[in-house]
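Asker: predicted model and sequence below, questions to follow.
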Amino acid sequence: MRHLLCALLACAATTAAAQVAKPISSRFNADPSPHHFKTTTGGGFYLYATDDASNSGKYWDSTSWRLYTSPDLTTWADAGVPLDVSVFKWARPDAKAWAPEAAYRAGKYFFYAPVGGDRIGVAQSSRPDGGFVDARADALVDKARDANAGDEPIDPAVFVDKAGQAYLYFGTRVPKVVKLKADMVSLDGPIQDVQIQGLAEHKKTYGEAPFLHERGGLYYFTFSTGWPGQIVYATGSSPLGPFTYRGLVIDYLKISTNHQAILEHEGRSFIFFHDKLLPGGSSERRSITIAPLEYSADGSIRPVALDPSQVGKPPKPKP
């Protein structure tokens, strides 16, 4: 597997070496949640996704999620539907299934599911590939119930620090964070706004897709700036922030959304995101791709080298 990882890293070593991104599957998919899980059969890479192939092609209205697996980050297999919105009896059967997240703790796999655009459910299983059941019988985050849940409690992302404390990030337009209890299915305290300093002076805004990872004791908060949006990042000394804007990770693409997740494995970092990569692709029919994530000596993230044919344009200023 190591030579395959090295090949991935080499392809983005310099801007001149930028290559056209390739989809991981011939099926439309989006909003990646990648993980490396060890299992009784040895484990591997698991990638949970929004299933764009089952939406109307006019909106993000699919009602199930999709799972892809890989032994090496290069060859991916379609593992089908790990669960759909019917797992959550409190949700409408036609509720939208948007960007998912997964986590593992104490022998259980947890699936964090934005349902209908106004609630986040959580399911659990003893396997990463299915068997998920509702872990609560109600929503983990509910716009109608929870103070400061924001306009759209969507795009969940889970981070667990070295002390074992879990944090849930989510939200559009205003990023949110809340601690999770050790059971991973209960909130532990109030929902807080994530403070990002330095956005205005760099003419950036927070749009959606919050994600946190840690490297060398520094916490990296990545997110999309809007619709369409760049993927940018900020750093801080605590998972709760505040964070300070640092720079660009992925430039505008030729679609209306972007959504990233970062996977660290064996000392390497990889960024997953989606783009319009397959024939018939569109802003509603997206495709997940993967690229190495590189850092400079000062800890700054080097922008992902995109082929010029894939770079989009910033949104037109409002009149």
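Answerer: That came through fine. In this text, all values refer to a predicted model and were calculated from it rather than measured experimentally.
Asker: so what does residue 314 look like in phi/psi?
Answerer: Phi and psi for residue 314, reported as degrees, to the nearest 10, are phi -70, psi 160.
Asker: which intervals of the protein have sub-threshold pLDDT?
Answerer: 1-17, 318-319 (pLDDT under 70).
Asker: enumerate every residue touching residue 225.
Answerer: 204-207, 231-232 (Cβ atoms under 8 Å, 6 or more residues apart in numbering). C-beta: built from backbone N, CA, C; applies to glycine.
Asker: state the pair within these that is farthest apart.
Answerer: 205 and 231 (13.1 Å; Cβ to Cβ).
Asker: and those two? Which one has more around it.
Answerer: Between residue 205 and residue 231, counting by other Cβ atoms under 10 Å, residue 231 is the more crowded of the two (24 against 15).
Asker: so how far is residue 259 from that one?
Answerer: According to Cβ to Cβ, to the nearest Å, residue 231 and residue 259 sit 8 Å apart.
Asker: quick check: neighbours shared by those two?
Answerer: Joint contacts of residue 231 and residue 259 (Cβ under 8 Å, 6+ apart) are 209, 224, 273.
Asker: can I get those residues in TSV with neighbour count and distance to residue 165?
Answerer: Converted to TSV, the shared contacts of residue 231 and residue 259 look like this (neighbours: other Cβ atoms under 10 Å; distance: Cβ to Cβ, whole Å):
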residue	neighbour count	distance to residue 165
209	27	22
224	26	26
273	26	27
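Asker: so which of these are in strands?
Answerer: In strands, defined here by DSSP state E, the members of these are 209, 224, 273.
Asker: quick one: which of those is nearest residue 200?
Answerer: Nearest to residue 200 out of these is residue 224 (Cβ to Cβ; 17.2 Å).
Asker: correct me, but the closest one touches residue 204?
Answerer: No - assessed by Cβ atoms under 8 Å, residue 224 is found out of contact with residue 204, at 10.5 Å.
Asker: and for those two, which residues touch both?
Answerer: In contact with both residue 224 and residue 204: residue 230, using Cβ under 8 Å, 6+ apart.
Asker: show me what the helix or strand harbouring residue 103 is packed against.
Answerer: Per DSSP states H and E: residue 103 is located in strand 101-105. The contact analysis (3 or more Cβ pairs under 8 Å, 6 or more residues apart in numbering; DSSP states H and E) places strand 101-105 against strand 30-37, strand 44-50, strand 108-115, strand 157-160.
Asker: the helix or strand just after the shortest one packs against which elements?
Answerer: Right, the one you point to is strand 157-160. Per DSSP H and E, the first helix or strand lying C-terminal to strand 157-160 is strand 166-170. When contacts are defined as 3+ Cβ pairs under 8 Å, 6+ apart, strand 166-170 packs onto strand 157-160, strand 176-180, strand 208-215.
Asker: who does strand 166-170 pair up with?
Answerer: Note on strand 166-170: by DSSP bridges, its sheet partners are strand 157-160 (antiparallel), strand 176-180 (antiparallel).
Asker: that one vs strand 101-105, what angle?
Answerer: 180 degrees (axes from the mean of the first three to the mean of the last three Cα atoms, to 10 degrees).
Asker: by how many degrees do strand 166-170 and strand 108-115 diverge?
Answerer: Interaxial angle, strand 166-170 versus strand 108-115 (the same axes, to 10 degrees): 20 degrees.
Asker: nearest to residue 99, out of the helices and strands packed on strand 101-105?
Answerer: Ranking these by their distance to residue 99 (criterion: Cβ to Cβ) puts strand 30-37 first, at 3.4 Å.
Asker: neighbouring strands for that closest one, and are they parallel or not?
Answerer: Going by DSSP bridges, the partners of strand 30-37 are strand 44-50 (antiparallel).
Asker: alpha carbons of the partner strand, as PDB, please.
Answerer: In PDB, the C-alpha atoms belonging to strand 44-50 read as follows (Å, rounded to 0.1, in the frame of the first residue of the first chain):
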ATOM      1  CA  GLY A  44      -9.600  -0.700   5.800                       C
ATOM      2  CA  PHE A  45     -10.800   2.700   4.600                       C
ATOM      3  CA  TYR A  46     -14.500   3.500   4.800                       C
ATOM      4  CA  LEU A  47     -16.000   6.500   3.000                       C
ATOM      5  CA  TYR A  48     -19.600   7.600   3.800                       C
ATOM      6  CA  ALA A  49     -21.300   9.900   1.300                       C
ATOM      7  CA  THR A  50     -24.400  11.700   0.200                       C
END
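Asker: just checking, what packs against the helix or strand following it?
Answerer: Later in the chain than strand 44-50, the nearest helix or strand by DSSP H and E is strand 65-70. Here strand 65-70 touches strand 44-50, strand 77-78, going by 3+ Cβ pairs under 8 Å, 6+ apart.
Asker: can I get the helices and strands packed on strand 166-170 in CSV with distance to residue 84?
Answerer: Listed next are the helices and strands packed on strand 166-170 as CSV, based on distance: least, Cβ to Cβ, whole Å:
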stretch, distance to residue 84
strand 157-160, 20
strand 176-180, 24
strand 208-215, 22
